[in-house]
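Asks: Structural data only, the sequence is not supplied:
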């Protein structure tokens, strides 16, 4: 899969089928008129890439990006591989691209099931035991 950006730079994402270096790329769609969302599947994990097609800027996300209602923010919760902790990234759309404004790492004993609420200062999640957790964004 290859893309030519408006600045004439070419970006290529190449699938590999080998056992030790398996990777597959899939184009999922376009957001904000010029940002392509790409799913990167590796042997033990999934990541997502925002590729901005004007200048070829890229941002690697730990999980599928979800828009936070009535804001210019997105949130991504990873699906961790073996020996990885759960992680949430909070993204904000600024200057025609996204930046990660907060990263939340969960202790191994907290296994998130759902993100319940996100606002400017706090994130609420429910874990697999239906306990609700709150973290403050600083």
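Replies: Looks like it came in fine. This one's a predicted model, so the numbers in the text were calculated from it and none came from an experiment.

Asks: Relative to the stretch of helix or strand residue 126 belongs to, what are the paired strands and their orientations?
Replies: Taking DSSP states H and E as the definition, one finds residue 126 inside strand 122-127. Here strand 122-127 is paired, per DSSP bridges, with strand 112-118 (antiparallel), strand 132-136 (antiparallel).

Asks: contacting residues around that strand?
Replies: Here strand 122-127 makes contact (Cβ atoms under 8 Å, 6 or more residues apart in numbering) with 75, 88, 90, 104, 110-118, 132-137. (Glycine included, C-beta is placed from N, CA and C.)

Asks: Out of those, which end up buried?
Replies: Among these, the ones that count as buried by 16 or more other Cβ atoms under 10 Å are 75, 88, 90, 104, 110, 112, 115, 118, 135.

Asks: In terms of pLDDT, where does the fifth one sit?
Replies: It refers to residue 110. With respect to pLDDT, residue 110 has a value of 88.

Asks: mind checking how far the closest residue to residue 126 other than its chain neighbours is from residue 1?
Replies: Take residue 126 and drop its neighbours on the chain: the residue closest to it by Cβ to Cβ, 6 or more residues apart in numbering is residue 114, 4.7 Å away. Distance of residue 114 to residue 1, computed by Cβ to Cβ, to the nearest Å: 32 Å.

Asks: try residue 79
Replies: Remark: distance between residue 79 and residue 1 (Cβ to Cβ) = 22 Å.

Asks: what does residue 95 give?
Replies: Distance of residue 95 to residue 1, given as Cβ to Cβ: 26 Å.

Asks: quick one: which of the two has more around it?
Replies: Shown here are residue 95 and residue 1; by other Cβ atoms under 10 Å, residue 1 has more neighbours (13 against 6).

Asks: Spatially nearest residue to the more buried one (excluding sequence neighbours)?
Replies: Per Cβ to Cβ, 6+ apart, closest to residue 1 is residue 13, 4.7 Å.

Asks: That concludes my questions; thank you for your assistance.
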